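[1] quick one, fold the following:
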Amino acid sequence: MSNTPESGTRSAAEFRTRLHDVARMLRESRSMDEKVQRALAELLDELTTALAATNVPPAEVTRLAESAAHLADSLHHQHDRGLLEKARDQFRGAIIDAEVHAPIAVGLARGLIDALANIGI
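    Sure, this is the predicted structure:
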């Protein structure tokens, strides 16, 4: 039983690393407007930093980070609109779950959702 929190924390750290990696991929992507990709990548980096600085339970950090990474990865690989909308909706659900514990991170996550809305996703 003592391994459960550690494995959850390790998983959250892995997803934060993945978010940084996906932000880097977005910066290098040639599939979308340069301003948009830079803004999304910066929001992902800020979200990652905010998640590391809060006392969010590991399960909620993991879900938020995983859904943000999935969404950004879908953008990078230019998935069809249906998959992008599904990834966006999953991210929105994770935001709601984390809101009580991490209002700053959630504010950044909502900024990412707003940026997606501005590009039509």
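[2] tell me where this protein has helices.
    Ranges of helices within the chain are 3-28, 34-53, 58-76, 81-98, 103-118, based on DSSP state H.
[3] I'd like those helices as TSV, with mean neighbour count appended.
    Where C-beta positions appear, they are placed from N, C-alpha and C, glycine not excepted. Output for the helices of the chain, formatted as TSV (neighbours: other C-beta atoms under 10 Å):
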stretch	mean neighbour count
helix 3-28	16
helix 34-53	19
helix 58-76	23
helix 81-98	16
helix 103-118	17
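[4] now mean pLDDT too, for those, in a markdown table please.
    Supplementary listing: those in a markdown table, determined by pLDDT from 0 to 100:
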| stretch | mean pLDDT |
| --- | --- |
| helix 3-28 | 66 |
| helix 34-53 | 78 |
| helix 58-76 | 77 |
| helix 81-98 | 84 |
| helix 103-118 | 81 |
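[5] residues in contact with the closest residue to D97 other than its chain neighbours?
    In space, and not counting its chain neighbours, D97 is closest to E60: 5.6 Å by C-beta to C-beta, 6 or more residues apart in numbering. Contacts for E60 were tallied using C-beta atoms under 8 Å, 6 or more residues apart in numbering; they are 94, 97-98, 101-102.
[6] switch the cut-off to 7 Å
    97-98, 101 (C-beta atoms under 7 Å, 6 or more residues apart in numbering).
[7] quick check: it vs G82, distance?
    Per C-beta to C-beta, to the nearest Å, E60 is found 27 Å from G82.
[8] again, but for L116
    In terms of C-beta to C-beta, L116 sits 14 Å off from G82.
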